[in-house]
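Trainee: could you work out the structure for the sequence below:
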Amino acid sequence: MRIADTHAHLYFPAFDKDREAVLERNRERGVGLQVQIGCNQESSEKALKLAQDHADIFCVLGIHPCDADKVENLEATLAYFEKQAEQYPDLVVGFGETGLDLYHRDTPELLEAQKKSLRGHLELCKQFDKPVVLHTRNSAEKTLEELDEFGKLDFGGVWHCFCENWSVAKQVLDRGLYLGVGGILTYPKAEETRNAIKLAPLSRIVTETDLPFLVPQSRRKETKRNESYFLEEVIEVIAEIKGEKLEKVEQALWDNAHALFKLTQ
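Mentor: Below is the predicted model:
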């Protein structure tokens, strides 16, 4: 099985003791593409370093929405991302994760900081013609409104960790974005999301782990640390949901990941 993980955080401390061994094990299980996602300037630097060190890894630079009001100088951080994208155009394949997340804190100040950060990321996407990686929680409608206010999203993007219903999925798809799905799709309570994925075109779905988080259902008792090759289960669920042959779905998801990030195969 060929696996593309379009959203990973391999630089997290959970992998400090065996990061290279994890990478090798995942390659042996068919993982041929990983995209490391930054959450702030420091982690974006780590994501870029991983991309510099490994031919099958690329990176996305960004500020997690939950940290949007903790950034001392947003303009300076975005300028840093701009510089790295100019210097490493083949390694930096997008900007994010950015968006609106009002799950843990719901204050007018945080929302305004998140909106400002989102607009800054979208401007970088437009400047470099690279996709946006959206992180949205408890704020789907507000996020869609912000995207519409920005204008055309010709650079593309993905709605990371999609766990909404078909109504939201259709609005995301109508804006030319991909649906990023991972372990949540395998959870018993994710019926609405599975229905959305059933109705969505296979050509607009990409696989992701959000590792080290969101371990698929069958492995949740054995480990709390996700790995890219665990996406085998997610791919199988997608094939089952859509009533398609596993080989067809596997190939489509591989192709979609490359199309999203404008990568040649």
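
Trainee: pretty sure residue 144 sits against residue 175.
Mentor: Yes - applying C-beta atoms under 8 Å as the test, residue 144 and residue 175 come out as touching, 7.4 Å apart. For every residue, glycine as well, the C-beta is placed using N, CA and C.

Trainee: which of those two has more neighbours?
Mentor: residue 144 (18 against 15; other C-beta atoms under 10 Å).

Trainee: please name the residues that touch that one.
Mentor: Residue 144 makes contact with 171-172, 175, according to C-beta atoms under 8 Å, 6 or more residues apart in numbering.

Trainee: again, but for residue 215
Mentor: Residue 215 is in contact with 183, 223-226, 230, counting by C-beta under 8 Å, 6+ apart.

Trainee: A helix includes it, no?
Mentor: No - under the criterion used here (DSSP: H, G, I helix; E, B strand; the rest coil), residue 215 is coil, not part of a helix.

Trainee: number the chain from 39, please
Mentor: With 39 as the first residue, the last one maps to residue 253.

Trainee: dihedrals phi and psi, it?
Mentor: Backbone torsions for residue 253, taken as degrees, to the nearest 10, come to phi -60, psi 130.

Trainee: cool, residue 261 as well?
Mentor: Torsion angles at residue 261 (phi, psi; degrees, to the nearest 10) stand at phi -160, psi 150.

Trainee: OK, contacts around it?
Mentor: Residue 261 makes contact with residue 253, according to C-beta under 8 Å, 6+ apart.

Trainee: so how far is the helix or strand where residue 89 lies off the chain centroid?
Mentor: When elements are defined using DSSP states H and E, residue 89 is found to belong to helix 79-91. Put simply, helix 79-91 sits 16 Å off its chain's centre (C-alpha atoms, centre = their mean, to the nearest Å).

Trainee: equivalent analysis for stretch 50-58, please.
Mentor: Centre-to-centre, stretch 50-58 and its host chain are 20 Å apart (C-alpha atoms, centre = their mean).

Trainee: can you check stretch 51-70 too?
Mentor: With C-alpha atoms, centre = their mean, you get 19 Å for stretch 51-70.
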